[in-house]
Structures are given as structure tokens and as C-alpha cells.
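Enquirer: attaching a predicted model along with its sequence, questions to come.
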Amino acid sequence: MKKYIMALDQGTTSSRCILYNKKGEIVSLAQKEFKQIYPKAGWVEHDPMEIWSTQIGVAQEALYKIDATYENIEAIGITNQRETTVVWNKKTGLPVYNAIVWQCRRTAEFCDQLKKEGKSESFKAKTGLLIDAYFSGTKIRWILDHVEGVREKAEKGDLLFGTIETWLIWKLSMGKIHVTDYSNASRTMLFNIHTLQWDKEILRELDIPETMLPAPVPSSYIYGETDPVIFGGPVKIAGAAGDQQAALFGQTCFKEGEVKNTYGTGCFLLMNTGEKPVQSQNGLLTTIAWGLNGKVNYALEGSIFVAGAAIQWLRDELEIVHSSPESELMASAVEDSNGVYVVPAFVGMGAPYWNPYARGSIFGLTRGSNKNHLVRATLESLAYQTVDMLKSMEEDSGIKLASLKVDGGASANNLLMQIQADLLDTIVQRPQCIETTSLGAAYLAGLATGYWKSKEDVIENWQIDKTFIPDLLPEKRQEMIKGWEKAVKCALVWAEC
Ligand SMILES: Nc1ncnc2c1ncn2[C@@H]1O[C@H](COP(=O)(O)OP(=O)(O)O)[C@@H](O)[C@H]1O
Ligand SMILES: O=P(O)(O)OC[C@H](O)CO
């Protein structure tokens, strides 16, 4: 009987299920977008029940498409948008509030207060993170403080917290398994990345009951089985990792110093730093890459909040492109952005600036600026933000990158990838499979069950699709980057003017 690994990829804008064979090839794929909820400026929510229903729907559809059943599935690996916070009632299985999404800025002021109280250094030393509304900790606190009756229920032990992989595993097991993998735990701002335990002092400072929290477990590990009702029979749940760490794994960046950049809703640059956590001096995060075979790998991370989301903004809000791929056609119709810069700080700015109050801005408009220039400037903003992050990463690690592996939805855009190579002055390599997030989750699950024997077994699955070679005069590059730096400065002061 043919056996596949089922990867559940719960992203910010869609739920996907991909079935992989041993060669790491896609044999079936189903995807469904779901609703983005914006209750106030800078707030972002999802409906956890819609996350669950779309995810289980696409899983069943992916099986149906190739006439497979649960018996064809060796194991399930899960990967997910990270930090997004769900709190639910363990008796009813119902969420007490919408999921507060990683991009949501509602706890920015509370974070300012923590910083003023001088907590930054100790939080960073223990969690590897900067204090920011991005992470789950202050989102849980917000739910406890603002949703009626929730704090009492949480203190009685009736409520559970989870990031999205935790929520999905709990639902798949019909309430039997409440775990989080180390990579996801390391994004909560509650987890000590050195001891691999919840940090009691931070929990006290944020006033979060420990009973709500899932058990931290490795990323490649048999957590248990799905309830037989879900797929008609039990399937092992054998791996989980945050989507960016999973992409690092899917790109087979197993060695220290290897780097990938994923262009999805946001954009995330990760460097494997091996078994030692490296502290950033330049606005990057220290995070757990994965826990595998009794060891933990760490990574340095640069996080950009708005990347592909800016292309969606062109499509959905400005309605100047009909689809994301059309952005390539329009941007190619002009030679350059004609001096226009878009800073897509719609939810503040992440690495290396970490300013929750910056807002999206457009600079350099003239009478000659047209929609193609605006589209090109928006695409360029993804590449400029990556330049900023890579500069920090090279400074922190002391490693000058020879080439950059890319993936994620927007990496399909050839023009963007060429602009990226030009602005970085570095070779950009795009693999045949740009679904590396789900591939990484599949590998983690398959390694736990023996479907793949070792990391070496999967390295040969990585195949190049296209290499982008830098082709821009140094003076032009410097001029473009200088303009970007000026635009960022203006976007950062906007909120203070
Ligand atoms: N050809 C393209 N050019 C530019 N952006 C694209 C293209 N194709 C997809 N995108 C963008 O990529 C994002 C989707 O990528 P994906 O990796 O699926 O993201 P996520 O996992 O965050 O939902 C969307 O924001 C979309 O606008
Ligand atoms: O949905 P993505 O792929 O942009 O990833 C979101 C990140 O996990 C947020 O930290």
C-alpha cells in the first residue's frame, strides 16, 4: 500500500494540506483561504473554529483527490502561523474569544509598560525575544483581562491556551493531547529557551496561570493519534513546528550558518546557529529551530510583519492588481519605481526596527508616478526589508552570506527574486518545491516514524528551480538603498509627529 506523509500547513491567510511521498514530491494538495477580521486599526483576529474547519476540510479533500484513506497516511506533521493565540474551554471545546493573530498590535502599550519597568534584559536572556505585542504572552494576558468571566475560569483550571499547532492537535485528538512543540513555545515570550520549561517568573509577572499551558515537547516526536472519527481510523501525529522553523528544516538548512528567507504574508529570515543560542545585538530574535533526536537546534531570526500581505493590499484594498502574480507583469512594465518608495508598516515595523507605532507610508510621488510604479515599489519593499534583516544577521553571526535560499508564495515572483539578488548583491536560489514550510513539517513527522531514516535521507530531495544572479551597478544599488533608509526614517517618526 502506498504511504504518504500528511502535512497540515495552517498559514495566516489559508489552511493547506499537502500529501508528500518519500522523494518529498507533492502528490495531493488542497487549500482554502479564510476570513481576516480587523475589529480596529492595528488589530487582527481569526475565528479558531474556521481555522479548524478549513484545516480539516482541506485534509479530507487532499485524501479524496487521490482516492486515499487514513490507511495511506504514515503520519501527520503540522506547521502553523506562529504566536497566534487561542484560549478555549476544555469542557466545551469552544474558544472564549477569537484567535489574536501575530500581527495584532493591541498589546503595544502594555509592552511599553513592561519595558519601562525594566523587564527587557531578563525577558531577552530567558526567552530570546524582545518585548513586543507580536508574541503570545501579552495576547493571553489581554484575553484574561478583557473577556468577561475568563480569568476566574482560567484560575479554576477550566481553560486552555494554545498556539495554532496546539489547537489543531487538541482538536484532532478530540481533547486528549495538549502539547506545544519547542519551536512554537519559543514564540510565546513565556518559555525559557535554555531550560525548555515555562518560565515561572514571567508567568507571575504577566499573571498567567500555568495550568492553561500545554506540555512542551520536541518537534519530531509521536504525540499520539487522531481520534478515529476524524479520518475513519487513527493516524499518528508525529511532528509540529512553527512555519518559519519548518521552512528552515524543509530547505534542509541543517548546518550551522545556513539561511533561508520565506516570503509569505510576512517575511522571515532564519539562520541555523546549531546547538547554541546566539544573542543578537542588532534587533534579531533568538529562537528554537526544532527539537529532534533528543537535541535542540537554535536559530537567529529576522521577522517582517508585512510582505506578501502588501501585495494582497494592492489586490484587495487598492484594487490595482487582480491577482498577486499580476504584480510581476505590472512591475515589469516599468524600468524602476521612478523614485517611489512604499513602506508597508501597516502593523508597525518588526526587525530590526521594532516600532509598533510606525504606519504604512508612500514617498516620492510625482505627477509622473503611475500604478505600475506603485506596484513595483511595493514589491521592492519586500526586498529592501530583507536587505535590512540580512545586514543585521551578518553583523550578529560574523558570516557573509554567499547565497540565499528562498521560498514561500511570493518567491514565485521572478522579478521580485531578481530585485532581491540585485539589492543584496548575493545569489538567490529558489528550490523546485517552494512549499518548504509543509515539507519541513512532513520531514519532522516522517523522521519520527522512520519513514525517512535520517536528515541525510532528505537532503537529496532538495532540487534547484532557478538561480538569480545579481546584475546591478553598485552605485545604483547604493542610491536605491539610501532612498529606502530615508523612507523608513520618515515612516518611523510618523506616529510621533
Ligand atoms: N506571484 C506572486 N507575486 C507576489 N506575491 C505573491 C505571489 N504569489 C503569492 N504572493 C503572496 O504570497 C502570500 C501567500 O504566500 P503563502 O506562503 O501561502 O503565505 P501564508 O503561509 O502566510 O498564508 C500572499 O500574501 C500573496 O499575496
Ligand atoms: O503565515 P506566514 O507564513 O506569513 O507566517 C507567519 C509567522 O509564523 C508569524 O510569526
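Expert: The structure has been received and is ready for your questions. Numbers count the residues shown, from 1 in each chain. Ligands and ions are numbered 1, 2, ... in the order given.

Enquirer: got the residues of the chain near ligand 2?
Expert: For the chain, the contact set with ligand 2 under C-beta under 6 Å from any ligand atom comprises 11-12, 81-83, 102, 242-244, 264-266. C-beta: built from backbone N, CA, C; applies to glycine.

Enquirer: go again with 5 Å.
Expert: Within the chain, the residues that sit near ligand 2 (C-beta under 5 Å from any ligand atom) are 11-12, 81-82, 102, 243, 264-266.

Enquirer: most neighbours among the residues you listed, which one?
Expert: Ranked by the number of neighbours (other C-beta atoms under 10 Å), the residues of the chain next to ligand 2 place Asp243 first, at 32 neighbours.

Enquirer: ok, it - contacts?
Expert: Asp243 sits next to 9, 11, 79-82, 262, 264, 437 when contact means C-beta atoms under 8 Å, 6 or more residues apart in numbering.

Enquirer: what's the answer for Ile56, then?
Expert: Applying C-beta under 8 Å, 6+ apart to Ile56 gives the contacts 171, 230.

Enquirer: what pLDDT does it get?
Expert: Model confidence at Ile56, expressed as pLDDT, equals 97.

Enquirer: hmm, back to that, take the residues of the chain next to ligand 2 and keep only those in helices.
Expert: When DSSP state H defines the helices, the subset of the residues of the chain next to ligand 2 inside them is Asp243.

Enquirer: quick one: least confident helix or strand in this structure?
Expert: helix 455-459 (a mean of 90; mean pLDDT, DSSP states H and E).

Enquirer: please name every helix or strand in contact with that helix.
Expert: Packing partners of helix 455-459 (3 or more C-beta pairs under 8 Å, 6 or more residues apart in numbering; DSSP states H and E): helix 436-449.

Enquirer: and the helix it packs on, how far out from the chain middle?
Expert: Here the centre of helix 436-449 is set off from its chain's centre by 16 Å, with C-alpha atoms, centre = their mean, to the nearest Å.

Enquirer: neighbours around Lys391, how many?
Expert: Residue neighbour count, defined by other C-beta under 10 Å, stands at 15 for Lys391.

Enquirer: sorry, back to before: keep the contacts of Asp243, but drop any that are not near ligand 1.
Expert: Contacts with ligand 1 within those, as defined by C-beta under 5 Å from any ligand atom: 11, 264.

Enquirer: leaving out chain neighbours, which residue sits closest to Ala358?
Expert: Among residues not flanking Ala358 along the chain, Ala345 sits closest, at 4.0 Å (C-beta to C-beta, 6 or more residues apart in numbering).

Enquirer: hang on, isn't the one you found packed against Gly360?
Expert: Yes: contact criterion C-beta atoms under 8 Å: Ala345 and Gly360 qualify, at 5.2 Å.

Enquirer: joint contacts of those two?
Expert: Common neighbours of Ala345 and Gly360, counting by C-beta under 8 Å, 6+ apart, are 306, 491.

Enquirer: who has more neighbours, the two?
Expert: Using other C-beta under 10 Å, the more surrounded residue of Ala345 and Gly360 is Ala345, with 26 against 18.

Enquirer: and that one, what's its pLDDT?
Expert: Note for Ala345: predicted pLDDT of 94.

Enquirer: contacts only, for it.
Expert: Per C-beta under 8 Å, 6+ apart, neighbours of Ala345: 306, 355, 358-361, 491-492.

Enquirer: let's see if you can find the most crowded of those residues.
Expert: Most surrounded of the contacts of Ala345: other C-beta under 10 Å gives Val306, at 26 neighbours.

Enquirer: for it, what are its contacts?
Expert: Applying C-beta under 8 Å, 6+ apart, we find Val306 in contact with 103, 265-266, 313, 344-347, 360.

Enquirer: in which helix or strand would I find it?
Expert: Using DSSP states H and E, Val306 sits within no helix or strand.

Enquirer: roughly how far does it sit from Ile230?
Expert: Relative to Ile230, Val306 is positioned 35 Å away (C-beta to C-beta, to the nearest Å).

Enquirer: over to Ile78?
Expert: Taken as C-beta to C-beta, the span from Ile78 to Ile230 is 13 Å.

Enquirer: Met480 now?
Expert: Distance from Met480 to Ile230, counting by C-beta to C-beta: 51 Å.

Enquirer: skipping adjacent residues, who's closest to Tyr263 in space?
Expert: Ranked by C-beta to C-beta, 6+ apart and with sequence neighbours excluded, the top spatial neighbour of Tyr263 is Ala410, at 3.7 Å.

Enquirer: wait, that neighbour sits on Ala307?
Expert: Yes: with contacts counted by C-beta under 8 Å, Ala410 reaches Ala307, the gap being 6.3 Å.

Enquirer: hey, what's in contact with both of the two?
Expert: Residues touching both Ala410 and Ala307 (C-beta under 8 Å, 6+ apart) are 263-264, 267, 382.

Enquirer: ligand 1 contacts on the stretch 251-400 of the chain?
Expert: So far as C-beta under 5 Å from any ligand atom goes, the stretch 251-400 of the chain lies against ligand 1 at 264-265, 308, 311-312, 324-325, 327.

Enquirer: so which of the residues you listed are in helices?
Expert: Among those, the ones falling in helices (DSSP H) are 308, 311-312, 327.

Enquirer: all helices of the stretch 101-250 of the chain, in order?
Expert: In the stretch 101-250 of the chain, the segments counted as helices under DSSP state H, counting those that start in this stretch are 108-116, 120-127, 136-146, 150-156, 164-172, 182-185, 200-206, 228-231, 243-250.
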